[in-house]
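Engineer: 3D, please:
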Amino acid sequence: VRVWMTQPANQRLLARLRDAGVNMTATAAEQAQASASGALTGRTYVLTGTFQSMSREDATAALEALGAKVSGSVSRRTTAVIVGTDPGSKVDKARTLGVPLLDEEALLALVKGSD
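Structural biologist: Got it, this is the predicted structure:
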């Protein structure tokens, strides 16, 4: 990114965009508001296991971009536990608490269905 920003053609492009009124910075409040208005706002998910289609970091980012909270532990307030291969004890805790279990296909549907 730093190299891209130092190239004269890219600097001219950024200047034209800025002159056209494009706001290239977002405050923390604006970012929070964008997340708060996502399709999954108010929902909390827990990820466990390994996913074939994306890393857990990418899955977390995709869910958070839609306004969801991703937690590391299961509680009664958890919306669902998303289960990959070789899941841990979070599945047992979810079953004990009656929290729904979703597979990777459901994760992809959540993320893609909210576009």
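Engineer: only C-alpha atoms for contact and neighbour calcs from this point on.
Structural biologist: Fine.
Engineer: tell me, please, the helix or strand in this structure that averages the lowest pLDDT.
Structural biologist: helix 28-36 (a mean of 58; mean pLDDT, DSSP states H and E).
Engineer: roughly how far apart are A59 and S75?
Structural biologist: 20 Å (C-alpha to C-alpha, to the nearest Å).
Engineer: next: L107.
Structural biologist: L107 sits 19 Å away from S75, going by C-alpha to C-alpha.
Engineer: quick one, helices of the chain?
Structural biologist: 2-6, 8-19, 28-36, 56-65, 90-97, 104-113 (DSSP state H).
Engineer: would CSV of those helices with mean neighbour count be doable?
Structural biologist: As requested, the helices of the chain are exported to CSV (neighbours: other C-alpha atoms under 10 Å):
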stretch, mean neighbour count
helix 2-6, 9
helix 8-19, 12
helix 28-36, 13
helix 56-65, 17
helix 90-97, 16
helix 104-113, 14
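Engineer: which one of these has the poorest average confidence?
Structural biologist: Across those, helix 28-36 has the smallest mean pLDDT, namely a mean of 58.
Engineer: name the nearest residue to G72, sequence neighbours excluded.
Structural biologist: Excluding the flanking residues, the one nearest G72 by C-alpha to C-alpha, 6 or more residues apart in numbering is V46, at 5.9 Å.
Engineer: for the one you found, give me the pLDDT.
Structural biologist: Reported pLDDT for V46: 97.
Engineer: same thing with the one 5 residues further on?
Structural biologist: The pLDDT attached to F51 in the predicted structure is 94.
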